[in-house]
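Engineer: Make a model of this:
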Amino acid sequence: MNVTVCELSNDRSEFLEDWRELQIYLAQNKTDLLLLPEMPFYSWFVNQKEVSIKVQQESVEQHLFWMKEVEKLEAKYIIYSAPEIVGTKFYNTAFVFQRGKGHRRIHTKAFFPEEDHFWEESWFDKEDNISFDAVQLDELKIGVLMCTELWFTEKARQYGKQDVDVLLCPRATGKSSVDQWLTIGRASAIISGTYCLSSNRSGWGEDFDWGGAGWIIEPVTGNLLESTTPERKFATHCIDVKRSVQAKKEYPLYVNTNKRYLEKE
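Structural biologist: Residues are numbered from 1 along each chain as shown. I've put the predicted structure just below:
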């Protein structure tokens, strides 16, 4: 199956141009699955620590507005995250749009940074008992780790134990940390025994240089199959889902974590 990752500008005018180019790209390059960056339809708003209810509402409204545009894209499955207001709570939630079945909620983000440009713990609420359950899409099984969640490697292994075929990681990360993120992406592909995909914000804005560098990484080896650049914002690769199935039988996935080990005296 063909999978596509991308990098889309944080700047709204440049984002519109990127989106037009993405529409053309998908029309010309057949893909089954598309991954979008973290909360792509609104400028990054958690760069300020002070929470604004107005901004929260506007970010939700903009993402709801863009859902019709998502549905026009030529891809069977589209994975993204979006801000969501549920009662008095404000969440960052992963969704999948499946053609013919609509939008489906996956899970809310569980782990947040709290530092310059990323005051997410101040802005977002955390649901109780967040479940990292695999999602079945026809014959394909996926798992989603949103940005910071990728660093909690036990979640990648948990998805591997659920026989996930593709691990999807929408990001909003800076240019200075691209190498670190690529390292954890490769490690997660090995740990989970799945193809690891990531899409990210790009460009310059609010005194911050976004990293771009979407990737497609293969299981077992952790080899980088495709990556995006400012000159090549979209990348597609034909993956063999059988490779993910076989990976579950190889090291380190076959290791029995339930085995009891004797403690040294």
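
Engineer: which helix is the longest one in the chain?
Structural biologist: helix 53-72 (DSSP state H).

Engineer: ok now that helix, how far from the chain's centre?
Structural biologist: 18 Å (CA atoms, centre = their mean, to the nearest Å).

Engineer: Buried residues, it. List them.
Structural biologist: For helix 53-72, the neighbour count (16 or more other CB atoms under 10 Å) marks V55, Q56, S59, V60, Q62, H63, W66, V70 as buried. C-beta: built from backbone N, CA, C; applies to glycine.

Engineer: For that helix, output the C-alpha coordinates as PDB.
Structural biologist: Output of helix 53-72 as PDB, limited to C-alpha atoms (Å, rounded to 0.1, in the frame of the first residue of the first chain):
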ATOM      1  CA  ILE A  53     -10.300  30.700  25.900                       C
ATOM      2  CA  LYS A  54     -10.900  32.700  22.800                       C
ATOM      3  CA  VAL A  55      -7.900  31.100  21.100                       C
ATOM      4  CA  GLN A  56      -9.000  27.600  22.200                       C
ATOM      5  CA  GLN A  57     -12.400  28.200  20.600                       C
ATOM      6  CA  GLU A  58     -11.000  29.600  17.400                       C
ATOM      7  CA  SER A  59      -8.500  26.700  17.000                       C
ATOM      8  CA  VAL A  60     -11.400  24.200  17.400                       C
ATOM      9  CA  GLU A  61     -13.600  26.200  14.900                       C
ATOM     10  CA  GLN A  62     -10.800  26.400  12.300                       C
ATOM     11  CA  HIS A  63     -10.200  22.600  12.500                       C
ATOM     12  CA  LEU A  64     -13.900  21.900  12.200                       C
ATOM     13  CA  PHE A  65     -14.100  24.200   9.200                       C
ATOM     14  CA  TRP A  66     -11.200  22.400   7.500                       C
ATOM     15  CA  MET A  67     -12.700  19.000   7.800                       C
ATOM     16  CA  LYS A  68     -14.600  19.500   4.500                       C
ATOM     17  CA  GLU A  69     -11.200  20.100   2.800                       C
ATOM     18  CA  VAL A  70      -9.700  17.000   4.400                       C
ATOM     19  CA  GLU A  71     -12.600  15.000   2.900                       C
ATOM     20  CA  LYS A  72     -11.800  16.200  -0.600                       C
END
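
Engineer: Spell out the residue ranges of the helices in the stretch 101-250 of the chain.
Structural biologist: Taking DSSP state H, counting those that start in this stretch to define them, one finds helices in the stretch 101-250 of the chain at 120-123, 153-161, 178-192, 241-247.

Engineer: For these, give me JSON lines that also has mean pLDDT and mean neighbour count.
Structural biologist: Converted to JSON lines, these look like this (pLDDT from 0 to 100; neighbours: other CB atoms under 10 Å):
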{"stretch": "helix 120-123", "mean pLDDT": "98", "mean neighbour count": "17"}
{"stretch": "helix 153-161", "mean pLDDT": "96", "mean neighbour count": "20"}
{"stretch": "helix 178-192", "mean pLDDT": "98", "mean neighbour count": "20"}
{"stretch": "helix 241-247", "mean pLDDT": "94", "mean neighbour count": "17"}
